[in-house]
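S.K.: Got a predicted model here, sequence first, then my questions.
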Amino acid sequence: MRKQMQQLSAFDVTAVRLTVATLIVLPLALLLRGFDLSQVTMAGWLSLVYAAIVGAFSAQMLAFHITKKFGAIAFSLVSYVIPVVAAIAGVLWLDETITLWMVAGMVLIGGGILLINGRRSLKLLPPT
């Protein structure tokens, strides 16, 4: 996968992915939910633009770069860490508490990542 991605532009791939997703999701949302776009305030539109640019577009660009540079396995490992980062950020900025179950989940995530990285490292070692 990494080899095919080398000649592609991250910006182009991200733009196409988000455009296609919008063309699929927007008509479905309008059809199934039937909401009135004229009721959306200016703050709502600005929030949507911010979420699209900062949230979706930059996240997709980062995902493409990680996959292009390190491969799909490294990218999938990043997605496992997101709940851990979110929980820690919640503690730091929102005064949330971390429960024993959350710690257990973090340990499982960390152990899984170590297991995957350990297996990859073992494959790289020369035979004895």
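M.R.: Done, it's in.
S.K.: only C-alpha atoms for contact and neighbour calcs from this point on.
M.R.: Fine.
S.K.: pLDDT weak spots in the protein?
M.R.: Along the chain, segments meeting pLDDT under 70 span 1-6, 119-128.
S.K.: Could you break it into its assigned domains?
M.R.: What automatic domain parsing lists as the domains of the chain is 1-70, 72-128.
S.K.: can you list these in CSV and add mean neighbour count?
M.R.: Listed next are those as CSV, based on neighbours: other CA atoms under 10 Å:
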stretch, mean neighbour count
domain 1-70, 13
domain 72-128, 12
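S.K.: where along the chain do the strands fall?
M.R.: Read by DSSP state E, the chain holds no strands at all.
S.K.: Now do the helices in it.
M.R.: Counting by DSSP state H, the chain has helices at residues 2-5, 10-33, 42-50, 58-70, 72-94, 100-124.
S.K.: Show me the contact partners of the second one.
M.R.: Okay, so that is helix 10-33. Applying CA atoms under 8 Å, 6 or more residues apart in numbering, the external contacts of helix 10-33 come out as 57, 60-61, 64-65.
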